[in-house]
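*Asks:* Need coordinates for the following:
(chains A and B)
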Protein chains: 2
Amino acid sequence: VASQHSVNMADVARAAGVSIGTVSRALRDAPGVSEPNRLRIKSLAEELSYVVSPEASRLSRGSTGRVLVVAPTLNRWFYSTMLAGIERVLREAALDVLIYHVEGAADRHAFFAKLPARRKVDAVVVIAFPVTDDDVRRLELMGVAVVGAGGRLGGHPNVGIDDEAAAAKAVAHLTALGHRRIAMIRTQDPEGYVWPADTSRARGYRRALAEAGISADDAWVVTVPWGVAGGARAMEELLQWSEPPTAVFAHSDEVAIGALQTLRRADIPVPEHMSIVGVDNHPLAEPVDLTTVHQPVEEQGQVAGRLVLSLLHGGVPASPHVMLPTSLIVRGSTAPPDSLSRSLSSGISGVPVTT
Amino acid sequence: VASQHSVNMADVARAAGVSIGTVSRALRDAPGVSEPNRLRIKSLAEELSYVVSPEASRLSRGSTGRVLVVAPTLNRWFYSTMLAGIERVLREAALDVLIYHVEGAADRHAFFAKLPARRKVDAVVVIAFPVTDDDVRRLELMGVAVVGAGGRLGGHPNVGIDDEAAAAKAVAHLTALGHRRIAMIRTQDPEGYVWPADTSRARGYRRALAEAGISADDAWVVTVPWGVAGGARAMEELLQWSEPPTAVFAHSDEVAIGALQTLRRADIPVPEHMSIVGVDNHPLAEPVDLTTVHQPVEEQGQVAGRLVLSLLHGGVPASPHVMLPTSLIVRGSTAPPDSLSRSLSSGISGVPVTT
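*Replies:* Numbers count the residues shown, from 1 in each chain, chains lettered A, B, ... in the order given. So this is what the prediction gives:
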């Protein structure tokens, strides 16, 4: 048993500034260590995941047979679809999948501070949420394989899409149709944090405008909480402007669908008087006829699962940073700007328009 | 250690037709047991979950600290929302959540035949899918707490809604508006299995028609694979009929949204020429203005989580069979039948109608 733990005991000894022998005596409650030192060493050993328990000894052999998936939400399409892809690959490899749901910044912080899955898993997959460099370093203390799904995770193997390019595709489609006044609906979480995908998509929006010779105006950006209700509210705001946009790029399809709801209620026909484009190709984008940029989400999950398998089999994956392609899907929510939408811009904004 | 295992050793002894002492010697590789007997006893011990391993000894103390959630899909709104509710309650109780995804009948059969989570969990929650009496008996072999979420699971504690009543509410809304030719879009899985919720909703549909004095006609029912595409196809079929319905009750909102897609493409205005009602109150039902019957899904998940906690704390839950209420939400997809829809019924079905 001792040999299984020697590496970790050395870590504890180094952290405590004592000899390995002292660590060993402290952990065995053997004589020769003062009570304060014993408590300090035990606390450090706990902190460094050195615990004499069946779970810990299994971890030191590197096979609990379990992988933890950490997600900020389980019931949004993007996250549940990613999870489905990850689970499919890991289940086929006879690994068990544990899930941990971090709701909000306090939960996220607590997760990295306490690492509740320490000693319980062989690998951790983090699905797209804001993670600081400190968080990544804490995660590394677990001493297990770490993979990012749907975004970067420090320098660890990861899979995602090029969010900036995806957004640029959506906006270039609008500029190619002749739109010049193109708003973006950006998103933040209920606590006001902007998530990495949103930052990248805003960059793509500005890039596509610049490439079309349109000077991007920050006033053209509305930021709302992510979701259908946020999208609806953003569109209400856009319709109040003295010069409303003729087209809107929404952070994602669910936000775009909220924007469509507002337009329907205001009797503003889409795409005749307003074009809308999203990102995702959510399963409900087709039935509502939404133009969007498709991203392969289940496939990203499967790649994340395969990255885990590579790491567990002791190798560095051949391609540790995988970026899957996206593609524009043109449906009925986008068209060239028309004259009526231009007359709308002359001040009668927010007034229902009938055909 | 021996005392922890005595009950199971007796089980093995009984199954093997040998004494407990022989079982003990066989498992310890002690002398006095023939090699064939040793192998047979070890194999039986494995079969009966008696394994000298840290995992097994934790199980015999009844606390792996883990709960397994088995679901037929992870990325449909109903299942991922149920999972989110279950996970929330179990995480707050510091239990770990393992997920297992059974895709299709072969997977479901294999899950119950092999019980891959044996020795790994304290409880199993099964989220709504077809489970036979034999499956339930197999599950009971695990000797852990068992809970059904979103449906019945033998006589085990469970939570769900009254699917028949939910459907009857939707259809009674249509009959109250004056509709008489009301079709139902039923669903099956890709292998042709009809799921319990569908059977109950079809019963509610027939009951509401009968209560309105309408003789339910089986020909008014179209059955398609569950989902948006299925709903779209069902509506195409309904529009081909020489006497199309004036209103449609869809098994669930995603199916209804598929039906709306077909109506939009055929330029048939909703609700003027066709009313549609679903079940769920999916987050995208409001933006597409779909009348539906709300069911509380996250809340069902939370109740399922609390049922697990009751069982793990040694008690029979005070209310082991929980049925949460549903409510009709009237939006813009339903209205009284109009004259144009009646003229449609005279044979010019499927032809786009312009306002």
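
*Asks:* Could you use CA atoms for every contact and neighbour count after this?
*Replies:* OK.

*Asks:* Please identify the helix or strand for the residue in chain A that chain B sits nearest to.
*Replies:* Nearest to chain B in chain A, going by C-alpha to the nearest C-alpha, is A:Leu98, at a distance of 4.3 Å. Applying DSSP states H and E as the criterion places A:Leu98 in strand A:96-101.

*Asks:* mind checking how far that strand is from the chain centre?
*Replies:* The chain centroid and the centroid of strand A:96-101 are separated by 16 Å under C-alpha atoms, centre = their mean, to the nearest Å.

*Asks:* what's the answer for stretch A:164-177, then?
*Replies:* 22 Å.

*Asks:* now do stretch A:318-328
*Replies:* 15 Å.

*Asks:* what does the stretch 201-350 of chain A have sitting close to chain B?
*Replies:* A:Val228, A:Glu254, A:Ile257, A:Gly258, A:Leu260, A:Gln261, A:Pro283, A:Leu284, A:Pro287, A:Val288, A:Asp289 (C-alpha under 8 Å from any C-alpha of the partner chain).

*Asks:* As a check, name the ranges of all strands in the stretch 151-300 of chain A.
*Replies:* A:158-161, A:182-188, A:221-225, A:247-250, A:275-280, A:291-294 (DSSP state E, counting those that start in this stretch).

*Asks:* Show me what the last one packs onto, helices and strands only.
*Replies:* Contact here means 3 or more C-alpha pairs under 8 Å, 6 or more residues apart in numbering or on different chains; DSSP states H and E; on that basis strand A:291-294 packs against helix A:163-176, strand A:275-280, strand A:327-329.

*Asks:* Pick the most buried one from the ones you listed.
*Replies:* strand A:275-280 (a mean of 29; mean count of other C-alpha atoms under 10 Å in any protein chain shown).

*Asks:* and A:Leu90, helix, strand or coil?
*Replies:* helix (DSSP: H, G, I helix; E, B strand; the rest coil).

*Asks:* Neighbours of the nearest residue to it once chain neighbours are set aside, how many?
*Replies:* Taking C-alpha to C-alpha, 6 or more residues apart in numbering or on different chains, and ignoring the residues beside it in sequence, A:Leu90 has A:Gly305 as its nearest neighbour in space, at 5.9 Å. A total of 26 residues lie near A:Gly305 under the criterion other C-alpha atoms under 10 Å in any protein chain shown.

*Asks:* For the stretch 1-150 of chain A, give me the ranges with low pLDDT.
*Replies:* Under the criterion pLDDT under 70, the flagged ranges of the stretch 1-150 of chain A are A:1-8, A:10-11, A:46-62.

*Asks:* let's see 80
*Replies:* Along the stretch 1-150 of chain A, segments meeting pLDDT under 80 span A:1-17, A:20, A:28, A:42-62.

*Asks:* Mind jotting down where the helices sit in it?
*Replies:* A:2-16, A:20-27, A:35-47, A:54-60, A:77-92, A:104-114, A:133-140 (DSSP state H, counting those that start in this stretch).

*Asks:* will you turn the ones you listed into TSV that also has mean neighbour count?
*Replies:* Formatted as TSV, these follow (neighbours: other C-alpha atoms under 10 Å in any protein chain shown):
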stretch	mean neighbour count
helix A:2-16	16
helix A:20-27	19
helix A:35-47	17
helix A:54-60	19
helix A:77-92	22
helix A:104-114	15
helix A:133-140	15
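
*Asks:* Can you lay out those as a markdown table showing distance to B:Phe112?
*Replies:* A markdown table is the format used below for the helices of the stretch 1-150 of chain A (distance: least, C-alpha to C-alpha, whole Å):
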| stretch | distance to B:Phe112 |
| --- | --- |
| helix A:2-16 | 37 |
| helix A:20-27 | 43 |
| helix A:35-47 | 38 |
| helix A:54-60 | 27 |
| helix A:77-92 | 15 |
| helix A:104-114 | 34 |
| helix A:133-140 | 36 |
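
*Asks:* Could you say which one of the ones you listed comes nearest to A:Ala210?
*Replies:* Taking C-alpha to C-alpha, helix A:77-92 is the member of the helices of the stretch 1-150 of chain A nearest to A:Ala210, at 29.4 Å.

*Asks:* The closest one vs strand A:96-101, what angle?
*Replies:* 160 degrees (axes from the mean of the first three to the mean of the last three C-alpha atoms, to 10 degrees).

*Asks:* for the residue nearest to A:Pro31 when sequence neighbours are not counted, what are its contacts?
*Replies:* With C-alpha to C-alpha, 6+ apart as the criterion, A:Pro31 has its nearest non-adjacent residue at 6.9 Å, and that residue is A:Arg25. A:Arg25 sits next to A:Pro31, A:Gly32, A:Val33 when contact means C-alpha atoms under 8 Å, 6 or more residues apart in numbering or on different chains.

*Asks:* any idea how far A:Arg25 is from A:Arg40?
*Replies:* Distance, A:Arg25 to A:Arg40, by C-alpha to C-alpha, to the nearest Å: 13 Å.

*Asks:* sorry, back to before: can you pull the contacts of the residue nearest to A:Leu90?
*Replies:* A:Gly305 touches A:Gly85, A:Ile86, A:Glu87, A:Arg88, A:Val89, A:Leu90, counting by C-alpha under 8 Å, 6+ apart.

*Asks:* mind putting the residues you listed in JSON lines, distance to B:Tyr79 included?
*Replies:* Below are the contacts of A:Gly305 laid out as JSON lines (distance: C-alpha to C-alpha, whole Å):
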{"residue": "A:Gly85", "distance to B:Tyr79": "15"}
{"residue": "A:Ile86", "distance to B:Tyr79": "16"}
{"residue": "A:Glu87", "distance to B:Tyr79": "15"}
{"residue": "A:Arg88", "distance to B:Tyr79": "16"}
{"residue": "A:Val89", "distance to B:Tyr79": "19"}
{"residue": "A:Leu90", "distance to B:Tyr79": "19"}
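
*Asks:* returning to that earlier point: need the helices and strands packed on strand A:291-294 in a markdown table with distance to B:Glu164, can you?
*Replies:* Listed next are the helices and strands packed on strand A:291-294 as a markdown table, based on distance: least, C-alpha to C-alpha, whole Å:
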| stretch | distance to B:Glu164 |
| --- | --- |
| helix A:163-176 | 44 |
| strand A:275-280 | 35 |
| strand A:327-329 | 39 |
